[in-house]
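*Asks:* A predicted structure for the sequence below; I have some questions about it.
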Amino acid sequence: MMVHPDPMAVAEIYLDGRPSSIRTARQWAVKHARDAEASPGVVKVVELLTSELAANALAHGRAEPVLVRVGVIGDQYVVRVTDEGDTLPVVRDDGPRVPGGQGLRLVERLASDWGVDVHPRGKTVWFAVALDATTPLG
């Protein structure tokens, strides 16, 4: 199912460039996923994938702040991470033996849908997962 990538935001948070912002984004998105009554496995997926997207935005975006938005569309929980970087994310197929760069492989495997929206001043990387999905994370 293709999810429209621009949900009405339930909540949004801005991250600064500190590494601790990744933890802040993760905890914040998890709280909202629980509030949306996501299954425990989905909460774990949201936790992991939000960390990956926030880390990528902080590492590859050109400016702060990074905007994280969450919302529910139908039965999907959607996380959107926006930065001002112009480098588009790439799913690497180097395999698990190559360190780093595996975050988008996780997004591709665990999300119901994901994508990238390009803007005049950056990009938004987003993922969606069904609120009641059965996931390999529990």
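*Replies:* Yep, that arrived.
*Asks:* which SSE is the residue nearest the centre of the chain in?
*Replies:* For the chain, residue 50 is the residue whose C-alpha lies nearest the centre (CA atoms, centre = their mean; 3.9 Å). Element membership for residue 50, per DSSP states H and E: helix 40-60.
*Asks:* The helix or strand following that helix: partners in the sheet, and parallel or antiparallel?
*Replies:* Using DSSP H and E, the next helix or strand after helix 40-60 towards the C-terminus is strand 66-73. Neighbouring strands of strand 66-73 in its sheet, by DSSP bridges, are strand 11-15 (antiparallel), strand 76-83 (antiparallel).
*Asks:* now those strands in JSON lines, with mean pLDDT and distance to residue 126?
*Replies:* No exception for glycine: its C-beta is placed from N, CA and C like everyone else's. Shown next, in JSON lines, are those (pLDDT from 0 to 100; distance: least, CB to CB, whole Å):
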{"stretch": "strand 11-15", "mean pLDDT": "92", "distance to residue 126": "13"}
{"stretch": "strand 76-83", "mean pLDDT": "94", "distance to residue 126": "4"}
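*Asks:* Centre of the chain to the lowest-mean-pLDDT helix or strand in the chain, how far?
*Replies:* Least confident element among the helices and strands of the chain, by mean pLDDT, DSSP states H and E: helix 103-110 (a mean of 89). Distance, stretch centre to chain centre, for helix 103-110: 10 Å (CA atoms, centre = their mean, to the nearest Å).
*Asks:* buried sites along whichever helix or strand comes after that helix?
*Replies:* Counting by DSSP H and E, the next helix or strand C-terminal to helix 103-110 is strand 113-119. By neighbour count with 16 or more other CB atoms under 10 Å, strand 113-119 contains the buried residues 113-115.
*Asks:* Can you give the strand pairings for whichever helix or strand comes after strand 113-119, parallel or anti for each?
*Replies:* Downstream of strand 113-119, the first helix or strand assigned by DSSP H and E is strand 122-130. Take DSSP bridges as the rule and strand 122-130 pairs in its sheet with strand 76-83 (antiparallel), strand 113-119 (antiparallel).
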